[in-house]
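[1] Below: sequence and its predicted model.
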Amino acid sequence: MLSIGALANIKHTLQKELFLAAGERLLSVVTVVKKKDKKPCYLCVVTTAPPVPVITLCLVKQSEQRDGEYKRKRTWQLDEIKWVDGRNEQFETHEFDLQLEKVYKWYALNLHERQNFLAVLNRQIQKSVRGQRAEFRNVPSAWLSEKSPEKVALGRTAQKAAVHTDDEEDEEEAQEFTALTDKEANELGKLFSECDFAIKDAEQFIEQLSRELHDLDGANIQSVLASEQKVLKMMEHIDNAISEADKFETRLDSYEDILGHVKETMEKIGGKNAMIEIANNNNIKLMKELNKVISQLDLPHSQQQALDEPDLKTANGRKAAIAAAQCLQQAMNSDIDPALLRLEAVQDQRKRFEKWKQKFSATVSRFMNNLFIHLGNEIGDIPVTSTELTLPNHSNVHRELTPYTELMHWTKAMDRKTYDGLMRVYTASLSKIYDRDVRNFFNLAKMQVSEKLRSSREDLDMSTSSRKSAISTIPYGTLGINRDQWGPGVESADRIRFDALLEKVLAELEPIALQEQLFCINFFQMDVISPTTKNTQTTLEMEKAVVDMSQSIVVGAVSPTTEGVPQKRIDRQINEDVRKLMMGLFGCLEPELVSFIQSFERVDSFYSLYVLVRLTQHVMSAQDTHSFLSMTFASALVQVKRNFDRFMQQQLQSIREAKLHKRSKAILPYVENFENFAQTAEGIFRKSDRRTDMEKWYLQLVNAIFEGIHIHSQEHPKTPSQVVRMENYHHMHALLAQLKVPGLDALKKDAKSRYNDALKAYVIQYFGRPLEKLNQFFEGVQQKVAQGVKETEISYQMAFSKQELRKVIAQYPAREVKKGLENLYKKVEKHLSEEENLLQVVWHAMQEEFIAQYNYLEERIQKCYAGAMINLEFNIQDILAFFSDIARSH
């Protein structure tokens, strides 16, 4: 434990080293640690200089780098202290806690220092803090009341610390000093002015003050004695007042008891009035609810009569029946509280509503059923005599049924079974008419096409075996087969007429189907999904749900509602219902359309291209992509696309399986046929959305053609392979350049490259080296040069002397060279075909090759035999003249 002297030394050191420079004074300090094994630090209570002293609590630590240096780590205002806990009121307790922004737990190294710190901290908080002050817990009350707890510690220490303790006491007393007010200072100045000698003779001044004080005390005593009688009298009056107050209080208590009874009585009366008012309000509300229920469930007598005996044939009777039916529907779907549904009167009225509903629904069902059958039979009995390619319009049926639209809407909501039955009757009645019209329509279309193709419908359908035996099994336009082996074909004009007729057929189908679809959606209210699967939509059957909650939960989980269902799902359901109805009405439309298309595709496979483009246009231009007709066209389009792909696959397979005959020309069949095929396809697909499909097949076909050219050039019976490749690649390059298909640009460049390679190979193969011995001579010269002999010394070699060179040159006079070129021209002329007209191109390439060989030989002679005056018997001008004369002569 630290001694008092050590403590005084720490306080003096901190004051001198840390606080004196800042103009502050240390009031109390305690040495603390957070744990016993930590380095000590100091909690200090510090004040600033007057006139407005500011007292703070700060934490000071000694610097670790330099001894004797102290640093202020934290500073708190006294009003930040929430509470101080001494842990235990015994003096020997070292621990204490401070609640600031958090709880700080300290261990004091000196008990006296801890006692003094807590006492000084309490006194400064009481003096300086305004408002709520910190609470001191588990601290002895004696410490908080003593002025200076250090006096107790000083009394137990050595005499040598007495002087220092007096200084501490003086400092604390100085803190109790309070400055004089202005009034006190004036009174003191007045006193000194009356006694001039006060400054010169203090003892005399003190004696005078004592005398005046003695006189004042005597006067006060006399005054007190003189007022004793008055005091006694005043006490008597006070006693009387107290007795009167007691009487008044007793009377007030009695009044209070009376008022208590009155209050209880009034409360009871008020409670009864409140109950009466509540009952009155309930009666009013009940009356309103009953009036509301009666008004909602009331059905006038005139409307009851209209439901019992409806007149659906006349416009006025129909109008009255529809109005009565709608009132019945509104009454059966009234917004009534579920609790009121238990009323017997409500249930009785519901039963009456149900009877009227069933009777009216049966009448409507019987009338509409007869009307549907009548309209179907009436139109079905009318014979079809028109020879024009038009589909009959049955808008008159729609006009007949339109006045009954609201009755069908009511039937859908109130009697779902009757509604479904009427829809089936309508479908059965009208489907016979549409089946007849559609079949006659397509039969007439087939007849018109068959007349233009100059053959019977039986021939188009290919129904007899005799037709199959008469016609070649190879379809017209097969790329890999010679044209003379094709079956009978169709002219391009007939194809164009078929395309126009197909467009007319599709255009006739669209308005009829769309008109019928729109009528059915409106008439049968198919754009609205029923919110319940029950036969009747009504809100008057809630009693069952109230009685049997479990049954209600099951029903609610099973029955679909439109609330919370995504809009896409609702639209999908509506489209499916509409397509189902239209499929019943136009069941034969798709089979007839597919049969119509296939019957002509068997005659000419190119029809699949026309149908693919035309059907795609109608599918893409449809306003309602989910309509029945759009879906029918789309389904047929899928079948047509399969036929198109099958046709293109057959063309591709015919190229790969193509075979050459002994009389085959240089231009291969699929190369020659591809030109007509591509021109026809381009005329069909040029501005079509299906062009990408055609371009994909273009790539496969052209690549197959290139592969076939390479393979079949080796198998050609009489034409050299280089010529076959050259002429066919040249033909393909010219055709691709003419087509101008962007997707085939790469293949066009490939064809050009293959053509050039074939031309170069042919020139090298058949032109060879006309001056063969000269070439062999200089090959030997080149070998000697490679062995190290200088070019200028070659002439000294026996085998390559000048005489030997002259002998070899003498073997190639100009006349013999020209004769050899003439024989070569005749051979090239036999190899090449007249269709491609490549003779002059090949002859020019051979001329360039001859000139290149001539320049090589001349260069060798000039380098190895310079100055020998040795030259060939002809020059470049002679060569050009040879080639030109030979070309003109043939």
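    Arrived safely, thanks for sending.

[2] Got phi/psi on Glu64?
    Dihedral angles phi and psi of Glu64 (degrees, to the nearest 10) take the values phi -80, psi -20.

[3] Show the contacting residues for it.
    Applying C-beta atoms under 8 Å, 6 or more residues apart in numbering, one finds that Glu64 lies in contact with no residue. Where you see a C-beta, it was placed from the backbone N, CA and C, and this is true even at glycine.

[4] same question, Tyr865
    Tyr865 neighbours (C-beta under 8 Å, 6+ apart): Ile794, Ser795, Lys802, Leu805.

[5] Over to Val613?
    Val613 makes contacts with Ile684, Phe685, Ser688, Arg690, as judged by C-beta under 8 Å, 6+ apart.

[6] Which strand or helix spans it?
    helix 607-620 (DSSP states H and E).

[7] Equivalent analysis for Asp499, please.
    Under the criterion of DSSP H and E, Asp499 resides in helix 492-523.

[8] Show me the shaky parts of the stretch 651-800 of the chain.
    When the per-residue scores of the stretch 651-800 of the chain are filtered using pLDDT under 70, the ranges that remain are 661-666, 716-717, 766-769.

[9] buried set for whichever strand or helix holds Glu779?
    Secondary-structure assignment from DSSP H and E places Glu779 in helix 772-787. Within helix 772-787, the residues scored as buried using 16 or more other C-beta atoms under 10 Å are Leu774, Asn775, Phe777, Phe778, Val781, Lys784, Val785.

[10] cool, stretch 819-828 as well?
    For stretch 819-828, burial by neighbour count (16+ other C-beta under 10 Å) applies to Leu821, Leu824, Tyr825, Val828.

[11] From those residues, which land in strands?
    Helix and strand membership here follows DSSP state E; of those, not one is in strands.

[12] got those as CSV, with pLDDT columns?
    Supplementary listing: the buried residues of stretch 819-828 in CSV, determined by pLDDT from 0 to 100:
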residue, pLDDT
Leu821, 75
Leu824, 75
Tyr825, 76
Val828, 73
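
[13] now, among those residues, which is nearest to Ser450?
    Val828 (52.8 Å; C-beta to C-beta).

[14] where does Ser630 land in three-state SS?
    Assigned state for Ser630: helix (three-state reduction, DSSP: H, G, I helix; E, B strand; the rest coil).

[15] That one: neighbour count?
    The number of residues packed around Ser630, counting by other C-beta atoms under 10 Å, is 21.

[16] is it true that it touches Met620?
    No. Using C-beta atoms under 8 Å as the test, Ser630 is too far from Met620 to be in contact (9.7 Å).

[17] just checking, what's the longest helix in the chain?
    In the chain, with assignment by DSSP state H, the single longest helix is helix 228-297.

[18] any weak-confidence spans in the stretch 251-400 of the chain?
    Low-confidence regions of the stretch 251-400 of the chain, defined here as pLDDT under 70, cover residues 380-387.

[19] Could you find the closest non-adjacent residue to Arg25?
    On the basis of C-beta to C-beta, 6 or more residues apart in numbering, the spatially nearest residue to Arg25 that is not a chain neighbour turns out to be Thr47, at 5.5 Å.

[20] The stretch 1-150 of the chain: helices as residue ranges?
    When secondary structure is read from DSSP state H, counting those that start in this stretch, the stretch 1-150 of the chain shows helices at 4-14, 111-128, 141-145, 150-155.

[21] Let me know which of those is the nearest to Phe441.
    Comparing the helices of the stretch 1-150 of the chain by their distance to Phe441 (C-beta to C-beta), the top pick is helix 111-128, with 109.2 Å.

[22] and the closest one, average pLDDT?
    In this model, helix 111-128 carries a mean pLDDT of 89.
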